[in-house]
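Peer 1: Build me a structure from this.
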Amino acid sequence: APLSVIMLHDIAQGHLNWPDFWRSERWDKYDIGILPGPSWTKRWQQCSWKPYCNPRLGVYEAGWPKADVIFRNRDLFRSEATKLRAQLGLKYERTVIYTPSWENHGKQIDFVEKLKDLPVNLIVKQAAWSKKGFPQIVKEINRLAVLHTNYAENVYVGDPEINIMYYLGLADIVVSDESSIMLEALLFNIPGVAVMDWLIPDTNPPRHPGVPFDFVYKTTRHKLHETVTGLLQGLEGARARLENYRQSHFSCLGRSSTTIMDILDH
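Peer 2: Predicted coordinates:
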């Protein structure tokens, strides 16, 4: 029979239930489990005595394949990011990117209106949602894309279909609600800002974000401008603070995909 392999959908998956993410998403139905780095391995070890955490053939720390595009060929990645920068026509040296987990309750409007007076590029980068599964989310994203295209000289609407890593390659700060992009920003030593009074619509009534990350700067809608301004002024210090975090969350940088295939071959 073919092997069954289970990986995380995103690197912050099930964060509301940490450390026992496996309580609601069992891995004992699979042959092999793949973990992205030491922090997830520690989480698994805390729960590994529970049968539902254990695939039949084992769990392996093999990295995060999404990161391979950055580290496998750094020159190629920089070249592609430079092309994207030219395509967007970015005006300023510094760039703040907005990447929400969900688009709802005017978050994108908040982001643009609170920060549009700053001398920085503001990039809106939405996920490529399924039209069939989430028609209302797609409708709202499209409405806001029309609203903010040519809205201001420093506001840019990104293409949802383009790999988010290339946009992160242009960014200095990431603003989100609770998206795992704030974890992936560590791949570039980019500080993340979580707006803690934006709403997450996966419950009824909507809940506030869950952000169990000590390296993320937490703020509110009304203090977003103040928080981003402060980070821009102390950006080098903020980047230095993040240097050790990447190692604790990501293994096998640039060789995750080949490591996983080596495990399967073995």
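Peer 1: can we go C-alpha only for contacts and neighbour counts from here?
Peer 2: Will do.
Peer 1: Neighbours of G106, how many?
Peer 2: 12 (other C-alpha atoms under 10 Å).
Peer 1: With L115 instead?
Peer 2: 20.
Peer 1: Now do the same contact list for it.
Peer 2: The contact partners of L115, by C-alpha atoms under 8 Å, 6 or more residues apart in numbering, come to 122, 224-225.
Peer 1: Just the ones of these in helices?
Peer 2: Among the contacts of L115, the members found in helices (DSSP state H) are 224-225.
Peer 1: Ranking by neighbours, what's the top pick from the contacts of L115?
Peer 2: Busiest of those [other C-alpha under 10 Å] is L122, holding 28 neighbours.
Peer 1: Verify the contact between that one and V112 for me.
Peer 2: Yes: the pair L122 and V112 qualifies as a contact (C-alpha atoms under 8 Å) at a distance of 7.3 Å.
Peer 1: which neighbours do those two share?
Peer 2: Common neighbours of L122 and V112 (C-alpha under 8 Å, 6+ apart) are V155.
Peer 1: what are the ranges of the helices in the stretch 101-250 of the chain?
Peer 2: Remark: helices assigned in the stretch 101-250 of the chain by DSSP state H, counting those that start in this stretch are 107-115, 135-148, 164-168, 181-184, 224-233, 235-242, 245-249.
Peer 1: Tell me which of those helices sits most buried.
Peer 2: helix 181-184 (a mean of 24; mean count of other C-alpha atoms under 10 Å).
Peer 1: tell me what that helix is packed against?
Peer 2: Applying 3 or more C-alpha pairs under 8 Å, 6 or more residues apart in numbering; DSSP states H and E, one finds that helix 181-184 makes contact with strand 173-176, strand 192-195.
Peer 1: Identify the residues contacting P55.
Peer 2: 27-33.
Peer 1: Ignore what I typed, I meant T95.
Peer 2: Here T95 is in contact with 120-123, 170-173 (criterion: C-alpha under 8 Å, 6+ apart).
Peer 1: out of everything not next to it in sequence, what's closest to S180?
Peer 2: Nearest residue to S180, sequence neighbours excluded (C-alpha to C-alpha, 6 or more residues apart in numbering): A12, at 5.1 Å.
Peer 1: ok, now which ones touch the one you found?
Peer 2: A12 touches 179-180, 183, counting by C-alpha under 8 Å, 6+ apart.
Peer 1: Tabulate those (TSV), appending pLDDT and distance to N204.
Peer 2: Below are these laid out as TSV (pLDDT from 0 to 100; distance: C-alpha to C-alpha, whole Å):
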residue	pLDDT	distance to N204
S179	96	19
S180	95	22
L183	96	26
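Peer 1: Need the pLDDT of L90.
Peer 2: L90 carries a pLDDT value of 97.
Peer 1: Skipping adjacent residues, who's closest to it in space?
Peer 2: According to C-alpha to C-alpha, 6+ apart, the nearest residue to L90 is N121 (6.4 Å).
Peer 1: The one you found - how many residues pack around it?
Peer 2: If we define neighbours as other C-alpha under 10 Å, then N121 has 24 of them.
Peer 1: so what's the nearest residue to M182 once chain neighbours are set aside bridging to?
Peer 2: Spatial nearest neighbour of M182, excluding adjacent residues (C-alpha to C-alpha, 6+ apart): G192 at 5.1 Å. Beta bridges link G192 to V174 when assigned by DSSP bridges.
Peer 1: For G192, give its distance to T227.
Peer 2: 11 Å (C-alpha to C-alpha, to the nearest Å).
Peer 1: repeat for R221
Peer 2: 10 Å.
Peer 1: ok, now L170?
Peer 2: Distance from L170 to T227, by C-alpha to C-alpha: 20 Å.
Peer 1: again, but for K218
Peer 2: 9 Å.
Peer 1: Thank you, goodbye.
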